[in-house]
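**Q** no sequence on this one, just coordinates:
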């Protein structure tokens, strides 16, 4: 990828050219993915659906890179134009991500329930099967004994799985429709037009800063944000921090998660800035980035379990299973912080 | 403690004397504690209650040591007599432990709920306060808003705390009565008589094994049991093993906990054997032993939370809080295994 800008810029004047080449490349990729998405017809199932999902992933990937580059290298670009485009790209990639996120969240939660309740109670079900399906599986394979305590627990896990499946499949279907509608909207066409412009002609302004300085600033923002994290605590296994106040309110865990989510975004911006500066550089911090992805996924899965537990008129056994599941995912959050701390220190040793 | 048997036995003939001296010492301590327990009147509250609890603790402590010594050094003692006494001592110390264990379990669970639900929702309440107390505290300090999601969660935590308090306080009261009854029973008087005999005259038999060999055998049994533990897995933080099948049945976690509980007992037997051989030796494996105590306590607290969740007609929010609490304590179980693995390796390095 990106053969145009291998040379380190010799002078400040080149900075704009390097950024422009990167943006052109990403814009081209964006337009290619968009075409592919349209050709695969935005289908929701079958091979075409896989192609659509793949195209959406590529679309998001380039949208994030364009947006990140507009942000990090803002002093090199027409500010009005790039300030107008960035929120639109964020809207687009956020909206396109939702369907995939709901599907991944359901998969994560069902896998966790599966682990928590043994091989028979909640088999991973194909998306779209109903709660009646879960009951049927329970009847067919697992010893059903609703009178016994263990039977109660197993039924609770199965019902929790069915409830999550119902809620997240509905959310996913809605996200799919929303995305289809959005891709036909004038708002989307305006974004596509802006990106098309970018593919041919990047609106630069006279360079006021060089490439390296701007890339280094992105790195500094990342390093500072990491320094502000409770890394020392995260490095102590089983610190039980991720569950603190887990029963109080919806707002408590997000407030402790937010700085980690922020670092995840800064890590991404740093990576894109590195791609601009040197496309052939090996990806740094891949392990740390994966840990923060897992952190985000587990935090949202935990929130989904807590949300499901507030469904009116559920059985206590279902609520109990959702409580166990919520805590399990919050511990995944804690485990991901631990993994990030390790990866970050390792990276720091490797690149002194 | 134990000034009589500091000398290493010069010959096999001395082995019986050393064990006899240790048993006499522990028997004397047992009788002293028993006297103290009677004098403090077996009271359930106030200073006298503290003295009673302290006396019961000392009684259990010496009963465990006598029992462990009868087991480890069995070839030196009259087998019929010691085989008859051991189960009686186990009955006695188990029975005396129950009241304390229920109180400690409740304290552990309320502290965990407190951590999980912030400073206001479930304050640590004095034992004996009713569930109405928990509700009152909720009204006085915490923002009550049952309509809101966060209010629901907080109420769930408060109700879970009140339910646990009710159940464990009742169990504790029953254990107290059982212990008082037992201490007046003919069964207990027979144990006390046997221990009184021990304080004056230990029934030895001609030595067929030396002290060191028997103590080493106790150590070997411990080492072999530790080797059979999944220590490698336990050494990986956040392996999520302790919650596996946590939703299936009551029997699943105990079956994975059992080998750890067994090592806890072998560690104790090893410690008592070391005390017999050399009373002045510094206590080895204290950290490992503390980790396994924590393992046992957390496992039983988790089981108590799961048990409470099966109370008929509880609210879903209560069941949810109990699910979170159960998972929290199972993670404590996992954390304790991790701590044991670390402590054991450290000890192994120190004593090669």
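**A** Received the coordinates, thanks. Note that the structure is predicted; figures quoted are calculated from it, not measured. Numbering: from 1, shown residues only, chains lettered A, B, ... in the order given.
**Q** in the host helix or strand of residue A:344, what counts as buried?
**A** Here residue A:344 sits within helix A:316-350, counting by DSSP states H and E. Within helix A:316-350, the residues scored as buried using 16 or more other CB atoms under 10 Å in any protein chain shown are A:316-344. Any C-beta I mention is one placed from the backbone N, CA and C, and that applies to glycine too.
**Q** cool, and stretch A:60-70?
**A** For stretch A:60-70, burial by neighbour count (16+ other CB under 10 Å) applies to A:60, A:62-70.
**Q** cool, and stretch A:17-33?
**A** Within stretch A:17-33, the residues scored as buried using 16+ other CB under 10 Å are A:17-31, A:33.
**Q** tell me the mean pLDDT over it?
**A** Per-region confidence: stretch A:17-33 scores 96 on mean pLDDT.
**Q** what's it in contact with?
**A** If you take CB atoms under 8 Å, 6 or more residues apart in numbering or on different chains as the criterion, stretch A:17-33 is touched by A:1-2, A:4-5, A:9, A:55-56, A:58-59, A:61-63, A:65-66, A:69-70, A:73, A:76-77, A:192, A:195-196, A:198-200, A:202, A:204, A:211, A:275-277, A:279.
**Q** and the helix or strand hosting residue A:301, what does it pack onto?
**A** Element membership for residue A:301, per DSSP H and E: helix A:286-309. In this structure, helix A:286-309 packs against helix A:79-121, helix A:149-183, helix A:252-277, helix A:316-350, helix B:316-350, with contacts taken as 3 or more CB pairs under 8 Å, 6 or more residues apart in numbering or on different chains; DSSP states H and E.
**Q** and the ones you listed as TSV, adding mean pLDDT and distance to residue B:293?
**A** Below are the helices and strands packed on helix A:286-309 laid out as TSV (pLDDT from 0 to 100; distance: least, CB to CB, whole Å):
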stretch	mean pLDDT	distance to residue B:293
helix A:79-121	91	26
helix A:149-183	89	27
helix A:252-277	91	30
helix A:316-350	94	22
helix B:316-350	94	8
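**Q** The helix holding residue A:344 near chain B anywhere?
**A** Yes - using CB under 8 Å from any CB of the partner chain, helix A:316-350 comes into contact with chain B via A:316-328, A:331-332, A:334-335, A:338.
**Q** what's the angle between that helix and helix A:79-121?
**A** 130 degrees (axes from the mean of the first three to the mean of the last three CA atoms, to 10 degrees).
**Q** can you state the direction angle for helix A:316-350 and helix B:149-183?
**A** Using the same axes, to 10 degrees: helix A:316-350 against helix B:149-183 is 100 degrees.
**Q** Centre of the chain to helix A:316-350, how far?
**A** 16 Å (CA atoms, centre = their mean, to the nearest Å).
**Q** do the same with stretch A:57-65
**A** Remark: stretch A:57-65 is offset 12 Å from the chain centroid, using CA atoms, centre = their mean.
**Q** neighbouring contacts of that stretch?
**A** Applying CB under 8 Å, 6+ apart, the external contacts of stretch A:57-65 come out as A:22, A:26-27, A:29-30, A:32-34, A:36-37, A:89, A:92-93, A:96-97, A:100, A:268, A:272, A:275.
**Q** how does it look with 6 Å?
**A** With contact meaning CB atoms under 6 Å, 6 or more residues apart in numbering or on different chains, stretch A:57-65 is reached by A:26, A:29-30, A:33, A:89, A:92-93, A:96-97, A:272.
**Q** go on, stretch A:187-197?
**A** A:27, A:30, A:85, A:88, A:92, A:182.
**Q** do stretch A:311-328 as well
**A** Residues external to stretch A:311-328 that are found in contact with it (CB under 6 Å, 6+ apart): A:112, A:152, A:155-157, A:159-160, A:302, A:305-306, A:308-309, B:243, B:247, B:309, B:314, B:316, B:319-320, B:323-324, B:326-328.
**Q** now stretch A:284-304
**A** Outside stretch A:284-304, the residues that touch it by CB under 6 Å, 6+ apart are A:105, A:108-109, A:257, A:260, A:264, A:267, A:326, A:329-330, A:332-333, A:336, A:339-340, A:343-344, A:347.
**Q** Then stretch A:234-254?
**A** Contacts for stretch A:234-254 (CB under 6 Å, 6+ apart): A:233, A:330, A:333-334, A:337-338, A:341, B:116-118, B:149-150, B:153-154, B:157, B:237, B:321, B:324, B:328, B:335.
**Q** Also stretch A:67-76?
**A** If you take CB under 6 Å, 6+ apart as the criterion, stretch A:67-76 is touched by A:15-16, A:19, A:23, A:82, A:86, A:89, A:207-209, A:214, A:218, A:269, A:272-273.
**Q** tell me, how many neighbours does residue A:72 end up with?
**A** A count of nearby residues for residue A:72, using other CB atoms under 10 Å in any protein chain shown, gives 22.
**Q** pLDDT score assigned to it?
**A** Confidence score, pLDDT, at residue A:72: 97.
**Q** quick one, phi psi at it?
**A** phi -70, psi -40 (degrees, to the nearest 10).
**Q** So which bits of the helix or strand hosting residue A:198 are buried?
**A** Using DSSP H and E, the element containing residue A:198 is helix A:186-200. Buried residues in helix A:186-200, defined by neighbour count with 16+ other CB under 10 Å: A:188, A:191-192, A:194-195, A:198-199.
**Q** closest to chain B among the contacts of stretch A:67-76?
**A** residue A:269 (28.1 Å; CB to the nearest CB).
**Q** how many other residues sit next to the nearest residue to residue A:63 once chain neighbours are set aside?
**A** In space, and not counting its chain neighbours, residue A:63 is closest to residue A:93: 4.2 Å by CB to CB, 6 or more residues apart in numbering or on different chains. Neighbours of residue A:93 under the rule other CB under 10 Å: 19.
**Q** ok, now residue A:305?
**A** Other residues lying near residue A:305 total 29 when counted by other CB under 10 Å.
**Q** Okay, it and residue A:322: tell me how far apart.
**A** 5 Å (CB to CB, to the nearest Å).
**Q** what's the answer for residue A:220, then?
**A** Noted for residue A:220: a distance of 42 Å to residue A:322, by CB to CB.
**Q** One more: residue A:194?
**A** From residue A:194 to residue A:322 the distance is 44 Å (CB to CB).
**Q** Residue A:288 now?
**A** With CB to CB as the criterion, residue A:288 and residue A:322 are 31 Å apart.
**Q** Next: residue A:26.
**A** Distance from residue A:26 to residue A:322, by CB to CB: 41 Å.
**Q** before we move on, what about residue A:53?
**A** Counting by CB to CB, the gap from residue A:53 to residue A:322 is 28 Å.
**Q** Leaving out sequence neighbours, find the closest residue to the closest residue to chain B within chain A.
**A** In chain A, the residue that lies nearest chain B is residue A:323 (2.3 Å; CB to the nearest CB). With sequence-adjacent residues excluded and distances taken as CB to CB, 6+ apart, residue A:323 is closest to residue B:323, at 2.3 Å.
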